[in-house]
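have a look at this fold, sequence not included:
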């Protein structure tokens, strides 16, 4: 898991930059974006999830507890992607 040596102080207007923490387990992997998840950062999240799928992880858990802002277009994009993958999996079986 990614950690920082110094803690930022959001009350003072200091926010840490966007990052993605990854915690692999035996049969799954936890992906935890930290910071603002919006149009400027969603491609980083998509790329990380795709990299993990290509590495063989079939079960990916998206943990949004560290996200302090979530753009509604990101929600729609993620749900569309999930539906496309589910539909492709059904048609290939």
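Sure thing, it's come through. It should be emphasised that the depicted structure is a prediction, and the values quoted were computed from it without experimental measurement. Numbers count the residues shown, from 1 in each chain.

could you use CA atoms for every contact and neighbour count after this?
Fine.

show me which strand runs longest in this structure.
Determined from DSSP state E, the single longest strand within the chain is strand 29-37.

off-centre distance for that one?
Distance of strand 29-37 from the chain centroid (CA atoms, centre = their mean, to the nearest Å) equals 4 Å.

and it, what does it pack against?
If contacts are counted by 3 or more CA pairs under 8 Å, 6 or more residues apart in numbering; DSSP states H and E, strand 29-37 sits against strand 19-24, strand 60-62, strand 67-70.

need the winner for burial among those strands.
Comparing those by mean neighbour count (mean count of other CA atoms under 10 Å), strand 19-24 ranks first with a mean of 16.

what residues does it touch?
Residues outside strand 19-24 that contact it (CA atoms under 8 Å, 6 or more residues apart in numbering): 1, 2, 29, 30, 31, 32, 33, 34, 35, 45.

hang on, the earlier thing: now tabulate the helices and strands packed on strand 29-37 in JSON lines and tack on distance to residue 90.
Formatted as JSON lines, those follow (distance: least, CA to CA, whole Å):
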{"stretch": "strand 19-24", "distance to residue 90": "26"}
{"stretch": "strand 60-62", "distance to residue 90": "18"}
{"stretch": "strand 67-70", "distance to residue 90": "30"}
